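Novice: Here is my input, please return the structure:
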Amino acid sequence: MELSGSTFVLEIINFLVLIWLLQRFFYKPLQAVIARRRAGIDQQLADATDMRAQAQELQSQYENRLSHWEAERQRAREALQQEIERERTRQHEGLRAELDKERRKAEVSQQHQLLERQQHLERLALEQGSRFATRLLELCAGPELETRLLEMLLNALPGLPTEQLQSLREHAAEHPEAIEITSAFELPPGDRSRLQQRIDGLLATKAEYRYLKDPELLAGLRLSIGPWVFRASVRDELKGFADLVQSNGNTRLPCAQALQPAQTEQDHG
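Specialist: As a prediction, this is how the structure comes out:
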C-alpha cells in the first residue's frame, strides 16, 4: 500500500477531527464528571470530617456527663451516708435519753418506796415509843411528878417572849376575869400561893383565880389566861406526842419530850 501525500494529509485531518471530537464530546464532559465526582468526594470527606468532629464532641460531652454523673452519684452516696449516720446518731441519742429517763424514773420510784418504808418504820417506832411513854408516865404519874412540873412551869413563865407578855398584860387589864388553873391533884396552899405570886408579877396586877381538878391530866397543870393556855401536864404532852406520830407532813419526826416545862398555845376564839 502506497502512502501518498493526500492520504497522509487526510489522515492528519481525520486525526485532528478525532482529537477535536474527543476534546469536545468526550474529554470535557469527562473532566466535568471527574470534577463533579472529585467535588462530591471532597464534600463527603468534609462532611465525614465534620461528622467525626461532631462525634468526637459528642463523645467528649458523653464522657464529661458520665464523669459528672459519677461525681454526682458519689456526692449523693456520701450525702446519704451522712444522713444515715445523723439518723443513727439521733436514734441512739433518743434511745439513750429514753433509757436515762426510765432509769431516773426507776430511781425516783425506788427512792420514794425507800422513803415510804423509812417513814413507815419511823411511824411504827414512834407509835411504839408513844405507847411505851404513855404507859410509863401513867404508872409514874403522882403528886411528886406534879410538883416537879409545877416547878418547871414557875421557872418557865418568866422566860415568855416580851410580845406575848405584853399581850397577856393588856388582856388582863381589859378583861379582869378569873384565871383558871387545872391540876390532876389538889394543889397545896403553898404551891397555889407561889403560882399566884408568879402570875401576878408577870401580869403586873392582882388577879382572881379559880382552881379545878382534872384527873385526866395524870400529872401537871393547865393554866388558862383568857385566850392563852399554858400546858405543863403529862396528858397534854402525850397528846402532843401522839399528834406528832400521826402527822404526815414531815419526812422526819423530831423526838418529842415526854415533859416540857411550859408549852404555850394561843387560841383566839
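
Novice: which of the residues in stretch 171-187 are buried?
Specialist: Buried residues in stretch 171-187, defined by neighbour count with 16 or more other CB atoms under 10 Å: 171, 172, 179, 181, 182, 183, 184, 185, 187. Glycine gets a C-beta too; all of them are placed from N, C-alpha and C.

Novice: In the residues you listed, find the pair that's most separated.
Specialist: Using CB to CB, these span at most 28.5 Å, a distance reached by 171 and 185.

Novice: hmm, back to that, wait, which of the buried residues of stretch 171-187 is closest to residue 209?
Specialist: Nearest to residue 209 among the buried residues of stretch 171-187, with distances taken as CB to CB, is residue 179, at 5.2 Å.

Novice: what's across from that closest one in the sheet?
Specialist: Beta-bridge pairing for residue 179 (DSSP bridges): residue 209.

Novice: was I right about it contacting residue 221?
Specialist: No: Residue 179 is not in contact with residue 221 according to CB atoms under 8 Å; the separation is 11.7 Å.

Novice: dump the residue contacts of the spatially closest residue to residue 215 that is not a sequence neighbour.
Specialist: Among residues not flanking residue 215 along the chain, residue 184 sits closest, at 5.7 Å (CB to CB, 6 or more residues apart in numbering). If you count contacts by CB atoms under 8 Å, 6 or more residues apart in numbering, residue 184 has them with 141, 146, 213-221, 233-235.

Novice: quick one: low-confidence ranges for the stretch 151-269 of the chain?
Specialist: Within the stretch 151-269 of the chain, the segments meeting pLDDT under 70 span 238-269.

Novice: so residue 220 makes contact with residue 187?
Specialist: No: shown here, residue 220 and residue 187 do not form a contact pair, counting by CB under 8 Å, at 11.1 Å.

Novice: Report the secondary structure state of the residue most central in space within the chain.
Specialist: What sits nearest the mean C-alpha location of the chain, by CA atoms, centre = their mean, is residue 101, with 9.2 Å. Under DSSP: H, G, I helix; E, B strand; the rest coil, residue 101 falls in the helix class.

Novice: Then residue 146?
Specialist: Applying three-state DSSP: residue 146 is helix.

Novice: can you map out the helices along the stretch 51-200 of the chain?
Specialist: 143-156, 162-174, 189-203 (DSSP state H, counting those that start in this stretch).
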